[in-house]
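1. With the input below, show me the fold.
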Amino acid sequence: MTKIKQTTRQRANTIEALEVMWPSVPPENVCEGLKWWRKGKPTRRPPTCETVACFGGWCAWWPAFKAQGVQANEFGAPCITNARDVCYQASAVFIKLFGDYDICAPVGNFECEMDFKGTDHELVTHRLKRLLENSEVVE
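-> Numbers count the residues shown, from 1 in each chain. Next comes the predicted model:
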C-alpha cells in the first residue's frame with residue numbers, strides 16, 4: 001500500500017482530531033441512520049447528526065481548524081473559501097486538514113471495514129488511526 005503523504009501540519013491536525021477534538025464530540029450525537037445531511041435544513045448550530053459526515057461538521061466548529069480557514073456553509077457542511085470567495089466543500093477541507101478525504105467515505109468503502117460493527121463515532125476514530133498508520137510526513 002502506498003503511504004498517504006501528509007505535511008507536518010496535516011499530521012498535527014490528524015493527531016488533534018484523534019486525541020482531542022473527536023473524543024470531545026458526544027458519541028450520542030453521532031450514530032447510524034441519517035438519510036440525508038441534516039435533511040437539507042440550513043443551520044448555524046453545532047452539529048448533532050447521525051452519520052460519519054458529522055465529523056466534517058464538527059471540524060468547522062473546532063477552533064484549531066477554524067483558524068486554518070474551515071467554516072460551515074448554510075447547511076452546516078464544512079467548506080474552505082479560496083481567494084475568490086469560492087467555497088470548496090468537504091473534499092477540499094479534508095485534503096487541506098489531513099491530506100486525505102477517506103475519513104468520511106461511505107461506510108464499508110475499505111476492505112478493513114467490511115465487518116466493522118462499531119458506531120459511526122467509533123468508525124471515524126478507526127479511520128483517523130488508520131490514517132496515522134498509513135501516512136508519512138513529507139515537506
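2. Phi and psi next, for residue 99.
-> Dihedral pair for residue 99: phi 80, psi 10, per degrees, to the nearest 10.
3. likewise residue 78?
-> Dihedral angles of residue 78 (phi, psi; degrees, to the nearest 10) stand at phi -70, psi 150.
4. is it true that it touches residue 62?
-> No. Counting by Cβ atoms under 8 Å, residue 78 sits too far from residue 62 to count as a contact (10.0 Å). (C-beta placed from N, C-alpha, C; glycine too.)
5. These two - which one has more neighbours?
-> The neighbour comparison of residue 78 against residue 62 (other Cβ atoms under 10 Å) goes to residue 78, with 28 against 20.
6. Across the sheet, point out what pairs with that one.
-> Residue 78 forms beta bridges with residue 72, as assigned by DSSP bridges.
7. what do residue 78 and residue 62 both touch?
-> Taking Cβ atoms under 8 Å, 6 or more residues apart in numbering as the criterion, residue 78 and residue 62 both touch residue 70.
8. the strands in this protein, which residues?
-> Under the criterion DSSP state E, strands of the chain are mapped to 4-6, 70-72, 78-81, 87-88, 135-137.
9. May I have stretch 5-24 as CSV, with CA atoms only?
-> Taking C-alpha atoms only, stretch 5-24 is exported to CSV below (Å, rounded to 0.1, in the frame of the first residue of the first chain):
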residue,chain,number,x,y,z
LYS,A,5,1.6,12.0,2.1
GLN,A,6,1.0,14.5,4.9
THR,A,7,2.6,17.7,5.8
THR,A,8,3.7,18.3,9.4
ARG,A,9,0.6,20.5,9.8
GLN,A,10,-1.7,17.8,8.4
ARG,A,11,-0.1,15.2,10.8
ALA,A,12,-0.7,17.5,13.7
ASN,A,13,-4.3,18.1,12.6
THR,A,14,-4.8,14.3,12.5
ILE,A,15,-3.5,13.8,16.0
GLU,A,16,-5.5,16.8,17.2
ALA,A,17,-8.7,15.3,15.7
LEU,A,18,-8.0,11.8,17.1
GLU,A,19,-6.8,12.7,20.6
VAL,A,20,-8.7,16.0,21.4
MET,A,21,-11.4,17.1,19.0
TRP,A,22,-13.3,13.9,18.2
PRO,A,23,-13.2,12.5,21.7
SER,A,24,-14.9,15.8,22.8
